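Q: no FASTA, just this:
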């Protein structure tokens, strides 16, 4: 059963070594993420699952101890998911699943866990396709919630990438309203509003968090969890939201 969730953005720029001179610009977001992770720790879960958008190679399960790298951004920095090396799964798996590198969203999540000095429950990762239908997202969430007696989720995902002329997706006048609706839903733990997010529009706005957020909505069905919005802004023209559910 889901007992807590933290929602965080997943840009590699959240890692100071990647952001370099621009690192202070996201200090408030980093601080909010650590506050949200504190809610996860306080829930004392039996299992923590980090969810984030992923390309084809990064989709599916990633086991505790899986490694991600920020070398593609010119930074000699590797991160490990959780504390355990890859010696065996949390549940059943195969060696090739255990050895796959983490997609960037889960690597950022692993970095946050390391920064928060996570020493609680075992950790797994789940990479989801940005195009995964809402129905399949909900089903995946229900499956995650049933994976242990007390499950917590760290949900990584960005809002639209079209908030300004210099944004990665250029300016789209629909982006601000989309982000406002998503942020309000995440802050209020409004499952119906999350399920109602427009899938084609999210894809057009490059809102990679839509699918992970809808996985969260599926996992939270019947739990009665409440939400708190800890941060909402659009630096670099991308919508970033931090929320905590408990």
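A: Perfect, thanks for sending it. Here the structure is a predicted model, which is why all the values come from computation and not from measurement.

Q: Rounded mean pLDDT for stretch 197-209, please.
A: Per-residue pLDDT over stretch 197-209 has a mean of 97.

Q: now stretch 55-69
A: Mean predicted lDDT for stretch 55-69 stands at 95.

Q: what about that stretch, start to end distance?
A: End-to-end span of stretch 55-69 (CA to CA, to the nearest Å): 15 Å.

Q: ranges for the strands of the chain?
A: Listed in chain order, the strands found in the chain under DSSP state E are 2-8, 47-53, 60-62, 67-69, 78-80, 123-128, 151-156, 227-233, 240-245.

Q: Show residues contacting the fourth one.
A: Think strand 67-69. 77-81, 101-104, 106-107, 110 (CB atoms under 8 Å, 6 or more residues apart in numbering). C-beta: built from backbone N, CA, C; applies to glycine.

Q: TSV for the strands of the chain, including mean neighbour count and distance to residue 145?
A: Formatted as TSV, these follow (neighbours: other CB atoms under 10 Å; distance: least, CB to CB, whole Å):
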stretch	mean neighbour count	distance to residue 145
strand 2-8	27	5
strand 47-53	28	9
strand 60-62	22	15
strand 67-69	19	25
strand 78-80	19	25
strand 123-128	26	12
strand 151-156	28	6
strand 227-233	19	16
strand 240-245	27	12
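
Q: closest to residue 28 out of those?
A: Nearest to residue 28, of all these, is strand 227-233, at 6.3 Å by CB to CB.

Q: need the contact list for the residue most central in space within the chain.
A: Nearest to the geometric centre of the chain sits residue 156, at 1.1 Å (CA atoms, centre = their mean). When contacts are counted by CB under 8 Å, 6+ apart, residue 156 touches 8-10, 50-53, 105-106, 108-109, 209, 212.

Q: Also residue 55?
A: Counted by CB under 8 Å, 6+ apart, residue 55 has contacts residue 103.

Q: I'd like to know how many residues surround residue 226.
A: Residues within reach of residue 226, counting by other CB atoms under 10 Å, total 11.

Q: Tell me if I'm right that it and residue 189 touch.
A: Yes - proximity of residue 226 to residue 189 meets the contact threshold set by CB atoms under 8 Å, at 5.5 Å.

Q: Quickly list what's touching both of these two.
A: residue 245.

Q: distance of residue 62 from residue 154?
A: 13 Å (CB to CB, to the nearest Å).
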